[in-house]
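# Just need the structure, nothing else, for what follows:
(chains A and B)
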Number of protein chains: 2
Amino acid sequence: LGCCLLKFDLATVYVSDAQYNRNIFFGTSPQAVRLYLLYNHLFMQTLVYVFIIINLALALFEDPAVVPLPIWATSTIEIICLSAFTVRMVHYAKVIPRDKFWKDPKNICIIVIVTLSFIDLTIYGALKATGYFAIRWSRVLRPLLLVNVTEGRQLRRAFRSIRNALPQISYVFLLFMFSVLVFSLMALKLFGKRGLLTIDGSPYFTDYLDIVFDLYVLVTTANSPDVMMPAYNYSVFFTIFFILYIVINTYTFMSFFLAVVYNNYKKYLKEEVRQLVKARRFKMCRAFSLLRETCGEGGEPVVTQAKWNHLVKLVKPNISIAHQELLWSVLDDQNKGHIGKFAFVQLADLLSIQVITVKSQPHPIQICFPSMYNSSVSRFIRNVVHHRMFVYVYDLIILVNAVFIGLDEENPVVSNAEWGDFVLYAGGYTSRQILDIVFILRVLRLIRLVDSIKRFRAIINTLIKIGPTILTFSQLIVVVYYIFAMVGMELFKGKVQFFEPNSTSPDQEYCGNPLLKGTTFAKLNYCKNNFNNVVSSFIVLLELTVVNQCGFTAVTHVSARIFFVLFHIVVVIIIINIFVAFILEAFLVEYTVDKSDLQTSLEKKIEELELNVQQYVPFGPPIKLFSIASFLIKGLLLFYFPGSRTVDGLLQRMFETDLRTEDFNEEEEPENISFSNPAFDSV
Amino acid sequence: LGCCLLKFDLATVYVSDAQYNRNIFFGTSPQAVRLYLLYNHLFMQTLVYVFIIINLALALFEDPAVVPLPIWATSTIEIICLSAFTVRMVHYAKVIPRDKFWKDPKNICIIVIVTLSFIDLTIYGALKATGYFAIRWSRVLRPLLLVNVTEGRQLRRAFRSIRNALPQISYVFLLFMFSVLVFSLMALKLFGKRGLLTIDGSPYFTDYLDIVFDLYVLVTTANSPDVMMPAYNYSVFFTIFFILYIVINTYTFMSFFLAVVYNNYKKYLKEEVRQLVKARRFKMCRAFSLLRETCGEGGEPVVTQAKWNHLVKLVKPNISIAHQELLWSVLDDQNKGHIGKFAFVQLADLLSIQVITVKSQPHPIQICFPSMYNSSVSRFIRNVVHHRMFVYVYDLIILVNAVFIGLDEENPVVSNAEWGDFVLYAGGYTSRQILDIVFILRVLRLIRLVDSIKRFRAIINTLIKIGPTILTFSQLIVVVYYIFAMVGMELFKGKVQFFEPNSTSPDQEYCGNPLLKGTTFAKLNYCKNNFNNVVSSFIVLLELTVVNQCGFTAVTHVSARIFFVLFHIVVVIIIINIFVAFILEAFLVEYTVDKSDLQTSLEKKIEELELNVQQYVPFGPPIKLFSIASFLIKGLLLFYFPGSRTVDGLLQRMFETDLRTEDFNEEEEPENISFSNPAFDSV
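Prediction:
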């Protein structure tokens, strides 16, 4: 029996590994499996992320700080965090065999990061204690933990996608830089000897490297008319040079970057997803081989419904009986009472289709006051509520409300006439902060209105579908921003000062730096755009992402331009293009690809079983709620399909047509993935 | 015999119509065919474009003019142009049947444009003569002639592509505007009552429509940090609002626009090309049915080599015998002396593969001084030139030269050391203008260097391939720019004045408009960015395309913002995205699609015939020229493949894989195209 239990435990682990695309190689002894389950426990995973966030957030308190804390405090917190990572690493080392552990680059990365952080911390502490100048250089490594922890699969995939696209990008980039250099050479020849002056009174286009930088910035469109104006003021024919430059470099080459990134993104992602699906099938086959039994007449190996039920209960403890039966009926289409390998393998995919079961129950009023519920007044109200006009009126109220919100700033009378605020005022919540939040929430109700129009729903659905991926991208952005922020803070901290608006300091006019006297940077009051702490660094980097304005080069050495160009290459040319490529692909898929086969068959089965299928839409308009209510009245079991909401699910759906045609070669072990399971004959 | 000649004439017309994708319905009487041939004569087509360009260029001389001309002069020129268009239209009316003529919207368009222009000209002349205020409103219609002339097929296709994408774009745009409106409402609530001030000292985010405009401009990234700064200076938490806004509207929605345009572009273009190919096949079948004769044993209808040769000579009078024989050998693979329908239909495609025949002839020195050419010195020189090292040395010289060009500005000694300039100086050409051009040409030599690296050649090839399409896009841009320039000139002419740099006028500081006193527009010396004539209007519109900076709204009514928003929607959201979509698709095709089947078989045949195939590369590096020379020495006939350089060719190649699989249904008449030929049984 113990052996049998272990078999179920192992099978459960395989199925949930397949479901969540975990590729960890682990021992099969009861102790190893227990350790592995503990390692994958949600609490442990959350704890890791909490420590990572604390470690990253330390930048808020370290010099240059938003809220300064003494060095001993931040050091203690950092030591705790680093110890936590070490413990987690030791745990991981116990789960997987030693040789596998040392072969995995992400483990080496974490060990190196933790070691270097400890060394840096010691050196920094010692230097500070003796009064020397010291830099916390290991802070640059912190965000890399986010990439290298076991749970950072999506992020690693994004980085792999970038790494794979790099060779192609670099060829286009070299050609692009060549084009910029040639244009700069031409500009030097055309404008250098004409004695033109820029708006600051400095000579225009006389230094080759300055020209290269100016023309590079023109690609980001940041200095768009300014860089052209002196030449344009001199002669209208010189604009031809700039028009050519803009067409070739700003438009054509930037499109080339997008094309290369998009092409590579599609190509490699497809391969990654293929590997993922292969690994998943392989794990499911392992689980199958643990639970299979041969049919009486020496036929094919099968898994009985009893075993399957037990397994599903173990994988998803809170699954409802109805849901479980539904899944079984999808797999065991002919009601045999057992399923073969092919059907069994689909379980992982089936489980990742989110199905929410809503227990059918009568309306509370119907239970407590049946006579009142069935009265003609109640019936009339229900009819009114179900009527389409009711929905229209409801929408109209939302719209009128929105117009009133827009108008009330000017007219206090209108302000008092606002609908629905009385509850709020009655409660005595007049604090502006709370009001702001409430106002924003009220405005969001407008989305319901738009969502009820069919044409818009497809677009909104795409927006919602790409939501989880934006999470991966925001992690990517955080990693890159954090590294640039750390470097930027060391390079530029304190160079630009921000003075509160009511300050009377004479330095306020030039942001506390005489070098900025009279520059547009100071004139436009950009003083708060500085690298004086991690928060303002992040905001400056965001501004640089949108438009690369580099007022900072004025306050430091010219070579600081390298920082800005590098940032532009990494964030705008690579990461933003990958973001655009993803949205492009997601949008095209949403418009052209149908539902997955499995989802279709699941829906068909639900229809066969005379259950009702409802597409789940967040911020659903009232009509949705009412229709749900009407179903509830009919006493039916409801199933919602939020669709494949995970990134993996969307990716898989993207390439499903290609994946479907592949041979179903379950026995073969997946290549290129640091995952290969031992044979289980010995168990 | 007369009938036979007519048959050949007709067949010729069909084949060349197929080759150039002309879809004009014409009569089959000898007179009609002659008129039709005259109508399609290159001279006539060139003449039409000359008149269109003159008509468009009139804007340079009309008020507000670059070079003012009296009204009688511009009016006379315009009347000549309009008469020319009328004559062309009458000619066209004679070529095609009356009912077809009136059903074609482009004819109606031209007639309406010409009529309205005449009416406007009369009214304007009369009003001006009597001293009233008058607007030449019909100038807006001028660029539409470019779209509606028979030859503007590519441009019409581009406009059709835009029109087809419009419904989808408008849904996304409505949703995007909804999002902007909701964000503006939130901004009003968040910032309106805080009493914040912008850098100009005006209240910040208090007027709803102002907020909508500011946030719309933020999408173009033109006012990127400025619009955020007051809120950011007040509290760092308000940046969350802007971050959300930028992520959703600037990045996600702008990517959506690209996705929608790209998706529609692909979808409809494919359909258009499919129709084009169908129409082409249909025309070729008509030509076949004119020339076919049935084989002796009552078999399939065929065309004999004699007839085919005659036809090809008529279609392409300057074709070489070798080229003609090559084409025949490709079609008549089994040397039967006649070809069937399937092979015949391929003629149009075959003719559009550009094959340049280079007559093999010995080196001129070899002819004149055979002993000198064959001397050991000459042989040594030839060996040196053919050696790889020679090429490397040559490349090095170009590179060193480029570095010297870059350095010579600072150092006059280096300047004198420049290589290859002595001829130039010796000739006495020291004028700066000529030197500039020569310098630019010298720098372009660097491209040869880059082109010799294989990785870069693929990218450069793509750049060259999309060259012709950029011509179509530039026409598209000219049409849109011209219309906006005309409207912009009426709205904003004279509002901003440009003063020569050495002017002493006190108005210079604020561009001659007191409203601009103290604005950044005047401070940055943008005075030449005005709508005072058509050239500066075009340059302003280009600047608006790159970054939408709208300093103009200061000098006129707030409603002028509509002009800038409209321009942004039309040019940036639609046209630039179509441009990006085209480059994206062209790049992906270049990287993934192979050569066309026909081109491959043609190349194979050339190889079979032991001819040498050379890929033609513009700006070819010296090694190319030398290898050609070496082939010449061997006395071979050379074939160059410039590839499918026309837009149609590229498009057809893009979708060839899809088109190839379609059934070859030649008898069926193409639908949806305003072309259907009569049956020729009566001839």
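# how much space between the residue nearest the centre of chain A and A:Asn577?
For chain A, the residue nearest the mean C-alpha position is A:Leu471 (1.7 Å; Cα atoms, centre = their mean). As judged by Cβ to Cβ, to the nearest Å, A:Leu471 and A:Asn577 stand 19 Å apart. The way it works is simple: take the backbone N, C-alpha and C, and place the C-beta from them, glycine included.
# try A:Met486
24 Å.
# Ok, A:His310 next?
Counting by Cβ to Cβ - A:His310 and A:Asn577 are separated by 49 Å.
# Tell me which of those two has more neighbours.
For A:His310 versus A:Asn577, neighbours defined as other Cβ atoms under 10 Å in any protein chain shown are more numerous around A:Asn577 (24 against 15).
# need the strands for chain A, in chain order.
A:293-294, A:301-304, A:338-339, A:356-358, A:612-615, A:638-641 (DSSP state E).
# Report the mean confidence score over the fifth one.
On average, the pLDDT along strand A:612-615 is 39.
# cool, stretch A:198-206 as well?
83.
# Span of it from start to end?
11 Å (Cα to Cα, to the nearest Å).
# Stretch A:509-525 too?
End-to-end distance of stretch A:509-525 (Cα to Cα): 8 Å.
# how many neighbours does A:Thr250 have?
If we define neighbours as other Cβ under 10 Å, then A:Thr250 has 18 of them.
# measure it to chain B for me?
Distance, A:Thr250 to chain B, by Cβ to the nearest Cβ, to the nearest Å: 7 Å.
# pretty sure that residue contacts A:Val217?
No: applying Cβ atoms under 8 Å, one finds A:Thr250 not in contact with A:Val217, separated by 10.8 Å.
# wait, what's in contact with A:Tyr481?
Residues near A:Tyr481 by Cβ atoms under 8 Å, 6 or more residues apart in numbering or on different chains: A:Ser537, A:Phe538, A:Leu541, A:Leu542.
# what does the model give it for pLDDT?
Confidence score, pLDDT, at A:Tyr481: 93.
# what's the answer for A:Tyr591, then?
68.
# do the same with A:Gln31
In this prediction, A:Gln31 has a pLDDT value of 83.
# Quick one: neighbours of it, just the number.
9.
# Tell me, how many residues neighbour A:Ser378?
16.
# how far away is it from B:Thr86?
77 Å.
# Tally up the residues packed near the residue of the stretch 51-200 of chain A found nearest chain B, please.
Here the residue of the stretch 51-200 of chain A nearest chain B is A:Lys189; by Cβ to the nearest Cβ that distance is 4.2 Å. Residues within reach of A:Lys189, counting by other Cβ under 10 Å, total 22.
# for A:Phe61, same thing?
A:Phe61: 18 neighbours (other Cβ under 10 Å).
# so what's it up against?
Here A:Phe61 is in contact with A:Val67, A:Pro68, A:Leu69, A:Ala73, A:Thr74 (Cβ under 8 Å, 6+ apart).
# need the contact list for the last one.
Same thing as A:Thr74. A:Leu58, A:Phe61, A:Glu62.
# pLDDT for those - can I get that in JSON lines?
Formatted as JSON lines, these follow (pLDDT from 0 to 100):
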{"residue": "A:Leu58", "pLDDT": "92"}
{"residue": "A:Phe61", "pLDDT": "92"}
{"residue": "A:Glu62", "pLDDT": "88"}
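# Check the gap between A:Ser224 and B:Tyr251 for me.
For A:Ser224, the distance to B:Tyr251 - Cβ to Cβ - is 20 Å.
# Those two - which one has more neighbours?
A:Ser224 (23 against 19).
# you'd agree the more buried one is up against B:Val547?
Yes: here A:Ser224 reaches B:Val547: they are 4.3 Å apart, a contact under Cβ under 8 Å.
# Find me the pLDDT at the nearest residue to A:Lys307 once chain neighbours are set aside, would you?
Nearest residue to A:Lys307, sequence neighbours excluded (Cβ to Cβ, 6 or more residues apart in numbering or on different chains): A:Leu291, at 5.1 Å. The per-residue pLDDT reported for A:Leu291 equals 85.
# For A:Asn40, see how far away A:Leu291 is.
21 Å.
# Kindly report the same for A:Phe484.
The value you get for A:Phe484 to A:Asn40, if Cβ to Cβ is used, is 33 Å.
# Look at the two and report which has more neighbours.
A:Phe484 (23 against 19).
# Now for the more buried one: which residues touch it?
A:Ser537, A:Leu541, A:Phe563, A:Phe567, A:Val570.
# who wins for most neighbours among the residues you listed?
A:Ser537 (25 neighbours).
# Test my guess that that residue contacts A:Val487.
No: counting by Cβ under 8 Å, A:Ser537 stays clear of A:Val487, with 9.6 Å between them.
# And for the residue nearest to A:Ala59 when sequence neighbours are not counted, the neighbour number?
Residue nearest to A:Ala59 in three dimensions, not counting chain neighbours: A:Val534, with 4.1 Å by Cβ to Cβ, 6+ apart. Applying other Cβ under 10 Å, we find 25 residues neighbouring A:Val534.
# gap between A:Val534 and chain B?
11 Å.
# So for that residue, what pLDDT did the model give?
89.
# can you check A:Phe631 too?
36.
# one step back: what about the contacts of A:Phe61, which are in helices?
Among the contacts of A:Phe61, the members falling in helices (DSSP state H) are A:Ala73, A:Thr74.
# pLDDT at A:Ile108, what is it?
What the model reports for A:Ile108 is a pLDDT of 93.
# give me the number of residues near it?
A:Ile108: 13 neighbours (other Cβ under 10 Å).
# does it really touch A:Trp102, like I thought?
Yes: assessed by Cβ under 8 Å, A:Ile108 is found in contact with A:Trp102 at 7.4 Å.
# How much space separates A:Gly158 from A:Val147?
One correction, residue A:158 is Ala, not Gly. Where A:Val147 is concerned, A:Ala158 sits at a distance of 9 Å (Cβ to Cβ).
# Which of the two has more residues huddled nearby?
For A:Ala158 versus A:Val147, neighbours defined as other Cβ under 10 Å are more numerous around A:Ala158 (25 against 17).
# Can you read off the pLDDT for the closest residue to the more buried one other than its chain neighbours?
In space, A:Ala158 comes closest to A:Leu476 once its chain neighbours are excluded; the distance is 5.2 Å by Cβ to Cβ, 6+ apart. Looking at A:Leu476, its pLDDT is 89.
# cool, A:Ile52 as well?
pLDDT, A:Ile52: 94.
# check contacts around it.
Counted by Cβ under 8 Å, 6+ apart, A:Ile52 has contacts A:Cys81, A:Leu145, A:Leu146, A:Val149.
# what's the answer for A:Asp207, then?
A:Asp207 touches nothing, counting by Cβ under 8 Å, 6+ apart.
# what sits against A:Ala65?
A:Asn533.
# measure it to A:Gly125 for me?
17 Å.
# what's the answer for A:Val140, then?
18 Å.
# Next: A:Thr294.
Relative to A:Gly125, and taking Cβ to Cβ, A:Thr294 is found at 67 Å.
# These two: who's more crowded?
Ranked by neighbour count (other Cβ under 10 Å), A:Thr294 and A:Gly125 place A:Gly125 first, with 14 against 10.
# and the closest residue to that one other than its chain neighbours, how many neighbours?
Spatial nearest neighbour of A:Gly125, excluding adjacent residues (Cβ to Cβ, 6+ apart): A:Ser75 at 6.4 Å. Other residues within reach of A:Ser75, judged by other Cβ under 10 Å, total 18.
# shaky segments in the stretch 1-150 of chain A?
A:1-5 (pLDDT under 70).
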